[in-house]
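*Asks:* This is a predicted model, with the sequence first.
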Amino acid sequence: MESKVSRRLKQPPAREVIQYIFQPRTTREFFTKNFEVLTQINFAHLIMLDQQGIIDRKTTSTLANALLKMRQEGPEVVELDAAREDAYFNYEAHLIKLVGRNLGGRLHTARSRNDIGATNDRMRARGFVVRIGAALVGLCDAALAQAAEYATCVMPGYTHMQAAQPITYGYYFSALVEAWSRDIDRLLHVLETIDGCPLGACALAGTSFPIDRTLTSNLLGFSRPLGNALDSVASRDFALELSTTLSIMMITCSRMVQDFYIWSTPEFGYLNFPDSIAGTSSIMPQKKNPVVLEYLRGKTAHLIGLTSAALTTVKSTHFTHSGDSSRESTRTCWESCEEALKCLELMTLLVRDVQPDRERMASRAAGDFSTVTDLADLLVRKADLSFRDAHHIIGAVVRRALDEGLPAAAITPEMIDAAAEQQIGRPVALSREDVAKCLDPICNVEARQSYGAPAPQAVMARLEEQKIALEDRADAVEATDRRIREASALLERRTQALVSSDPQAR
């Protein structure tokens, strides 16, 4: 018995080859996910073959009707045989079954599985990027809404997991939107990378047939054909870029998740989780576990691992089409995309539904010495000191307060004068009102008016800028989605025209 796909091979594939290599590429799930994209590629190629006169109208019309019948009946009617190696050969086998070998085999004129697969991958990745971009915009929208609502919700800000300076819960979300906006920009760059069509590159060296690659590019929603046939089939760097972008995005998400994980503990008590996004224990009745947070941390690790696997798979492969560089390397990308979409839904749920404990946050900000940097600034302004001397004085005051078990709010001008006498040999005579104002976390935050700082007025102004910028990014994602839809509509019109055309016409 010979190979089912080539007379070059006198033996059928070994059982192990079928089981471990071909079977994963011919599962029903895999075929179904790729069926519509493969059908669009087939229609676009057929329309081009007809327009260029490479195949006669009678043949192209017959093939168009057969392809339309396959699309209407759906992927379930295609018999999948792993001995045929992959999804394409099984698709082609069903087409041949409908119209015969002579006609069915003509559709493959002037193309290869290599450029078909590369085009399929780009179209599939493009669809994922549009969906992920829209989901990330939705997450940013939710974060901006929370940022506006809690722009005056004072809380400690942290560095090195130690109380640093007061910020607000709203300011924290505004910061996250800055980072996620860069993730959207990276996704938009991925769309630019994807936006070149490989179809017509054939195996690696193009074809002697007079094909029109610009036409097939337009029909499939690309802005241009890729400029080099070898690069068209050799490169899946768009998938590597997409995977890396998703890993970076999820790293930012995991950092928010880790903050929420700590802040939701009884020891911090900053956040309240609704029961709907928590789990419990099988033995301990009192438990309310942050299962969503733990899931997201784990998924971040998976995405990083999937990206590493893809990069390692491509490393040192020859710069041409091969199974590892072109097929194995993209396998992890699809899983990353699916997981990223799930994670973004959960992130949006967290941002929207988790509520801060305003009173607890404000109390901690008032008592944990995160306000005392303003005392050092006050010494610079009112006592004509260098910041370094002011830093030493306030550091000594904090040390004394800690030794005496006093909270930050208990610091007095007398304590500051005593420290100043020791550090610089003279008192500084700050007013009680000025000291109290510096130590009040609300006044402390309101005083921080510099660009990018957490003063509520400044945050609200920045939120308006962020909203406008986010709308522009959302429009850019939508523009790609609209172009894809318009190309799909054009492809459908051209297909219907071919289906209904006079088989005798030229």
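*Replies:* On my side now, so go ahead.
*Asks:* all helices of the stretch 1-150 of the chain, in order?
*Replies:* Secondary structure of the stretch 1-150 of the chain by DSSP state H, counting those that start in this stretch: the helices cover 15-17, 28-51, 57-73, 87-99, 101-104, 113-149.
*Asks:* I'd like the next helix or strand past the longest one.
*Replies:* Pointing back at helix 113-149 there. Proceeding C-terminally, helix 113-149 gives way to strand 154-159 as the next helix or strand, assigned by DSSP states H and E.
*Asks:* buried sites along that following strand?
*Replies:* Using 16 or more other Cβ atoms under 10 Å as the test for burial, strand 154-159 gives 154, 155, 156, 157, 158. C-betas here are computed from N, CA, C, even on glycine.
*Asks:* Return the distance of residue 213 relative to residue 229.
*Replies:* Counting by Cβ to Cβ, to the nearest Å, the separation of residue 213 from residue 229 is 9 Å.
*Asks:* repeat for residue 201
*Replies:* Relative to residue 229, and taking Cβ to Cβ, residue 201 is found at 4 Å.
*Asks:* which residues do the two both contact?
*Replies:* residue 115 (Cβ atoms under 8 Å, 6 or more residues apart in numbering).
*Asks:* which of the two has more neighbours?
*Replies:* Per other Cβ atoms under 10 Å, whichever of residue 201 and residue 229 has more neighbours is residue 201, with 28 against 22.
*Asks:* Let's verify the more buried one: helix, strand, or coil?
*Replies:* Three-state assignment for residue 201 (DSSP: H, G, I helix; E, B strand; the rest coil): coil.
*Asks:* Identify the residues contacting it.
*Replies:* By Cβ under 8 Å, 6+ apart, the contact set of residue 201 is 112, 114, 115, 118, 226, 229, 230, 232, 233.
*Asks:* Need the max-distance pair from those.
*Replies:* 112 and 226 (14.3 Å; Cβ to Cβ).
*Asks:* Looking at those two now, which is surrounded by more residues?
*Replies:* Taking other Cβ under 10 Å, residue 112 and residue 226 do not tie; residue 226 has more neighbours (24 against 21).
*Asks:* distance of the more buried one from residue 232?
*Replies:* Here the distance between residue 226 and residue 232 works out to 4 Å (Cβ to Cβ).
*Asks:* Can you work out which residues contact both of those two?
*Replies:* Common neighbours of residue 226 and residue 232 (Cβ under 8 Å, 6+ apart) are 196, 198, 201.
*Asks:* Residue 3 against residue 9, yeah?
*Replies:* Yes. Between residue 3 and residue 9 a contact is recorded at 3.7 Å, counting by Cβ atoms under 8 Å.
*Asks:* These two: who's more crowded?
*Replies:* More neighbours surround residue 3 than the other of residue 3 and residue 9, with 15 against 11 (other Cβ under 10 Å).
*Asks:* how much space between that one and residue 37?
*Replies:* Taken as Cβ to Cβ, the span from residue 3 to residue 37 is 26 Å.
*Asks:* So which of the shared contacts of residue 226 and residue 232 is the closest to residue 451?
*Replies:* Of all the shared contacts of residue 226 and residue 232, residue 451 sits closest to residue 196, with 39.3 Å by Cβ to Cβ.
*Asks:* which ones are touching the residue most central in space within the chain?
*Replies:* The chain has residue 246 as the residue nearest its centroid, 4.0 Å off, counting by Cα atoms, centre = their mean. Neighbouring residues of residue 246 by Cβ under 8 Å, 6+ apart: 132, 303, 307, 336, 337, 340.
*Asks:* nearest to residue 394, of those?
*Replies:* residue 303 (43.7 Å).
*Asks:* any idea which element that closest one lies in?
*Replies:* helix 291-314.
*Asks:* what comes up buried for the helix or strand following that helix?
*Replies:* Using DSSP H and E, the next helix or strand after helix 291-314 towards the C-terminus is helix 329-353. Residues 329-334, 336-337, 339-341, 343-344, 346-351 are the ones in helix 329-353 that count as buried (16+ other Cβ under 10 Å).
*Asks:* now do stretch 322-330
*Replies:* Buried-residue list, stretch 322-330, by 16+ other Cβ under 10 Å: 322, 325, 326, 327, 328, 329, 330.
*Asks:* One more: stretch 23-41?
*Replies:* For stretch 23-41, burial by neighbour count (16+ other Cβ under 10 Å) applies to 25, 26, 30, 31, 34, 35, 36, 37, 38, 39, 40, 41.
*Asks:* Can I get that stretch in PDB, CA atoms only?
*Replies:* Extracted in PDB, the C-alpha atoms of stretch 23-41 (Å, rounded to 0.1, in the frame of the first residue of the first chain):
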ATOM      1  CA  GLN A  23      -3.000  12.500  14.400                       C
ATOM      2  CA  PRO A  24      -2.700  15.800  16.400                       C
ATOM      3  CA  ARG A  25      -3.000  17.700  13.100                       C
ATOM      4  CA  THR A  26      -6.100  15.800  12.000                       C
ATOM      5  CA  THR A  27      -8.300  15.800  15.100                       C
ATOM      6  CA  ARG A  28     -11.900  17.000  14.800                       C
ATOM      7  CA  GLU A  29     -11.200  19.900  17.100                       C
ATOM      8  CA  PHE A  30      -8.200  21.100  15.100                       C
ATOM      9  CA  PHE A  31      -9.900  20.700  11.800                       C
ATOM     10  CA  THR A  32     -13.000  22.600  12.900                       C
ATOM     11  CA  LYS A  33     -11.000  25.500  14.200                       C
ATOM     12  CA  ASN A  34      -9.200  25.900  10.900                       C
ATOM     13  CA  PHE A  35     -12.000  25.000   8.500                       C
ATOM     14  CA  GLU A  36     -13.500  28.400   7.900                       C
ATOM     15  CA  VAL A  37     -10.100  30.100   7.500                       C
ATOM     16  CA  LEU A  38      -9.000  27.400   5.000                       C
ATOM     17  CA  THR A  39     -12.300  27.800   3.100                       C
ATOM     18  CA  GLN A  40     -11.700  31.600   2.800                       C
ATOM     19  CA  ILE A  41      -8.200  30.900   1.500                       C
END
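*Asks:* what residues does that stretch touch?
*Replies:* Looking at what lies outside stretch 23-41 - Cβ under 8 Å, 6+ apart - the contacts are 67, 70-71, 74-76, 78, 80-82, 84-88, 90-91, 116, 119-120, 123-124, 199, 220, 327, 334, 488, 491.
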